[in-house]
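S.K.: pasted the sequence and its predicted model underneath.
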Amino acid sequence: MARVFKRKDRLNAMSEINITSLLDLVFCLLIIFMITATVIEQTVPINLPTQPRDPVAGRDSKQKYVAVTIDKQGRLFFEKTPVAPDDLRAQLKVLAAQPDPPVIAIREDPSVNGQQLADVLTIIKQAGLTKLSLDLQAK
């Protein structure tokens with residue numbers, strides 16, 4: 001049965017609402033939500049990166065770099081000197097007080113857990129240094 005859109009009395013108010021376009025909009029939003037929800041919840045499995053070339057080659061020769069190293073046993077080294085976390089914090093504060101503070105090159109053994117790296121990053125942040133470099137293994 002076909003629908004008649006002519007009204008007999010044009011001065012009376014129309015008592016029905018056409019919701020076809022509203023339903024189209026709702027279904028369109030539902031489809032968009034379903035697609036984006038699956039993309040948001042996915043995690044991407046990754047491998048830790050390796051650097052394809054010499055790590056020193058990409059460094060700026062004018063910029064000073066200071067190495068902070070974490071070895072397999074979790075010991076901290078400032079340049080080549082073993083340090084405690086409090087001593088590292090003190091030495092980094094001295095570097096942060098310089099007019100042009102150096103870039104802190106963080107070097108860690110792959111077997112080091114993430115908490116030790118997070119602790120070192122916290123120490124660097126508390127010292128007020130913002131320039132960081134993560135040294136990667138060259139292929």
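M.R.: Ah, there it is.
S.K.: now E16: phi and psi?
M.R.: phi -120, psi 150 (degrees, to the nearest 10).
S.K.: so what's it scoring on pLDDT?
M.R.: E16 is assigned 74 on the pLDDT scale.
S.K.: go on, L25?
M.R.: Per-residue pLDDT puts L25 at 92.
S.K.: can you tell me how far it is from A37?
M.R.: 18 Å (CB to CB, to the nearest Å). No exception for glycine: its C-beta is placed from N, CA and C like everyone else's.
S.K.: just L22 next, same as before
M.R.: 22 Å.
S.K.: in the protein, which spans are helices?
M.R.: With helices called from DSSP state H, the chain shows them at 20-41, 85-96, 114-127.
S.K.: tabulate the ones you listed (CSV), appending distance to T69.
M.R.: Converted to CSV, the helices of the chain look like this (distance: least, CB to CB, whole Å):
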stretch, distance to T69
helix 20-41, 37
helix 85-96, 11
helix 114-127, 10
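S.K.: out of these, flag the one nearest D71.
M.R.: helix 114-127 (10.1 Å; CB to CB).
S.K.: and that closest one, which residues are buried?
M.R.: V120, I123, I124, A127 (16 or more other CB atoms under 10 Å).
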